[in-house]
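Colleague: 3D model of this:
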Amino acid sequence: MQNATHKAYAQPAANLDVQRRAKFFIGNAFFNSPWVVAPASAGARDGLGPLFNARSCDACHNNDGRGRPPERDGERLVSLVIQFATPVPGDNNEPGSDPRYGGNLNPFAIGGVDAEGTVRITHREIQGQFGDGESYTLLAPEYTFEELAYGELAHDNQFSPRVAPSAFGMGLLEAIPESTILERADLEDSNGDGISGKPNRVWDHRLKKLVIGRLGWKLNQPDIAHQTAGAFSSEIGMSTSLRPDQICTSVQTACLAAPTGGSPEISDEIFQHIVDYQQMLAVPARRHLDAPEVKRGARLFLDAGCESCHRAAFTTGDQPERPWLSRQTLHPFTDLLLHDMGPGLADGRADFDASGSEWRTAPLWGIGLQKIVNGHTRLLHDGRARDVSEAILWHGGEAEKAKEAYRTLSKSDRAALLAFIDSL
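Modeller: Numbers count the residues shown, from 1 in each chain. Below you'll find the model as predicted:
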């Protein structure tokens, strides 16, 4: 059934049985509920911080949708996170941490602990023209760190602003066979089409080995469990069995001395409820499939070469323990590979095998409902694009040819291509 309301991203998969639907709503409650400072009478929900970006999963993934950069001067970062790294990787090829501030900037803290700081975002305007002479303006964000409480950032610190991605459909992406993803990997561009997608190889803390990355802006997480544990650790400041350590650095003495909510602070049972919930989230149904403009836009999408990276269809493998994900045909419009997007989008921060200019192909499914669900249309890894058209115009590197194909379309053809993307 089609849902085009503000809850379009928050629906359970239609093929869940009664017992799993009940689990879905238990997980939904934990995903949306705020965590509190320890010690608290609600022992199962305490342990927030001492340093954090948000108090709940929903604070960043509101209605299971996309985050955004701050909209006004002085607004603290919530659903946009500044991730840090050092030029030399850490253990298992993971990004190294800033010695004073760790893996990312935490703009909030519990009482008695100083928050790490905040960021001022300004924009440089980039003027351009479509092929028909119509002008456009892109906004290039520039970041200034302010109110740093623990000294200067390391001189060789590399940082990457990243907005929270949508949460729906991740269970399906987990269930795609690795061999299917690798079908389009072409590191040497052997077919000469200018597209050389590659997988990221990331550390699995459970298996203790490198595996293919499936989630995250640079495909830096192997599955929902790792992505969730990483977010609890670095952005909510709470430990799990998968990420048992606190995030305080050696200079953050008050943080180190603060009370905890136990070890781990998120019990395995609650953690699994939250992971299960995300695996059970449905993908919103497409809309307006039969509209002539949408059909025309689909042809233009193919002709421009967009499908070379935004792969239209996959089929999941057998999932005996998660039958609702088994043998499902899905249309995420991503290839789950990394592509060099050129210097305009480069952040300079390596992430496992992903270079500073390489990004995963963002899934396009559900994108037309973002305004309804999240109240904004900001796109790309740092939310710089104000709409789909700007997101396309930021494409470079391997996507330069496709971007130029879009830029040189007539106004009516551009509108048709955008109508197709909106229908997804």
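Colleague: can I assume D156 is in contact with P87?
Modeller: Yes: when contacts are counted by CB atoms under 8 Å, D156 is listed as touching P87 (5.4 Å). Where C-beta positions appear, they are placed from N, C-alpha and C, glycine not excepted.
Colleague: and stretch 243-254, how far apart are its ends?
Modeller: Using CA to CA, to the nearest Å, one end of stretch 243-254 lies 21 Å from the other.
Colleague: then stretch 249-262?
Modeller: Termini of stretch 249-262 sit 19 Å apart (CA to CA).
Colleague: show me the helices in this protein, by range?
Modeller: Secondary structure of the chain (DSSP state H): helices at 18-32, 57-60, 170-174, 178-181, 224-231, 253-257, 268-280, 292-303, 370-374, 388-393, 400-407, 411-423.
Colleague: just send those helices back as CSV, with mean pLDDT, mean neighbour count and distance to S190 too.
Modeller: Formatted as CSV, the helices of the chain follow (pLDDT from 0 to 100; neighbours: other CB atoms under 10 Å; distance: least, CB to CB, whole Å):
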stretch, mean pLDDT, mean neighbour count, distance to S190
helix 18-32, 98, 15, 43
helix 57-60, 97, 21, 40
helix 170-174, 98, 23, 26
helix 178-181, 98, 14, 17
helix 224-231, 98, 22, 32
helix 253-257, 98, 15, 50
helix 268-280, 98, 20, 35
helix 292-303, 98, 17, 22
helix 370-374, 98, 19, 36
helix 388-393, 98, 20, 27
helix 400-407, 98, 18, 17
helix 411-423, 98, 19, 29
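Colleague: out of these, which is closest to E71?
Modeller: helix 370-374 (12.1 Å; CB to CB).
Colleague: just the CA atoms of the closest one, as PDB, please.
Modeller: Extracted in PDB, the C-alpha atoms of helix 370-374 (Å, rounded to 0.1, in the frame of the first residue of the first chain):
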ATOM      1  CA  GLN A 370      12.100  13.600   1.400                       C
ATOM      2  CA  LYS A 371      10.400  17.000   1.500                       C
ATOM      3  CA  ILE A 372       7.200  15.500   3.000                       C
ATOM      4  CA  VAL A 373       9.100  13.300   5.500                       C
ATOM      5  CA  ASN A 374      11.900  15.600   6.600                       C
END
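Colleague: state the phi and psi torsions of the nearest residue to G262 once chain neighbours are set aside.
Modeller: Spatial nearest neighbour of G262, excluding adjacent residues (CB to CB, 6 or more residues apart in numbering): G47 at 6.7 Å. Dihedral pair for G47: phi 120, psi 10, per degrees, to the nearest 10.
Colleague: mind listing the strands for the stretch 251-400 of the chain?
Modeller: All strands of the stretch 251-400 of the chain, identified by DSSP state E, counting those that start in this stretch, fall at 314-315, 329-330, 338-340, 358-360.
Colleague: closest to D98 out of these?
Modeller: Among the strands of the stretch 251-400 of the chain, strand 358-360 sits nearest to D98 (CB to CB), with 21.7 Å.
Colleague: and the gap between Q272 and D422?
Modeller: According to CB to CB, to the nearest Å, Q272 stands 36 Å off from D422.
Colleague: likewise C57?
Modeller: Counting by CB to CB, the gap from C57 to D422 is 27 Å.
Colleague: A13 now?
Modeller: Here A13 is placed at a distance of 23 Å from D422 (CB to CB).
Colleague: for A149, list the residues it contacts.
Modeller: Counting by CB atoms under 8 Å, 6 or more residues apart in numbering, A149 makes contact with D114, A115, E116, G117.
Colleague: just the buried ones from those?
Modeller: A115, E116, G117 (16 or more other CB atoms under 10 Å).
Colleague: ok, the nearest residue to the last one once chain neighbours are set aside - how many residues close by?
Modeller: Sequence neighbours aside, L148 is the residue nearest to G117 in space, at 4.1 Å (criterion: CB to CB, 6+ apart). Applying other CB atoms under 10 Å, we find 16 residues neighbouring L148.
Colleague: list phi and psi for L148.
Modeller: phi -70, psi 120.
Colleague: surely it meets V119?
Modeller: No: L148 lies out of contact with V119 (CB under 8 Å); the separation is 10.1 Å.
Colleague: about what we covered before: reformat the helices of the chain as a markdown table; add distance to A346.
Modeller: Output for those, formatted as a markdown table (distance: least, CB to CB, whole Å):
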| stretch | distance to A346 |
| --- | --- |
| helix 18-32 | 33 |
| helix 57-60 | 24 |
| helix 170-174 | 25 |
| helix 178-181 | 24 |
| helix 224-231 | 23 |
| helix 253-257 | 32 |
| helix 268-280 | 30 |
| helix 292-303 | 25 |
| helix 370-374 | 25 |
| helix 388-393 | 16 |
| helix 400-407 | 14 |
| helix 411-423 | 24 |
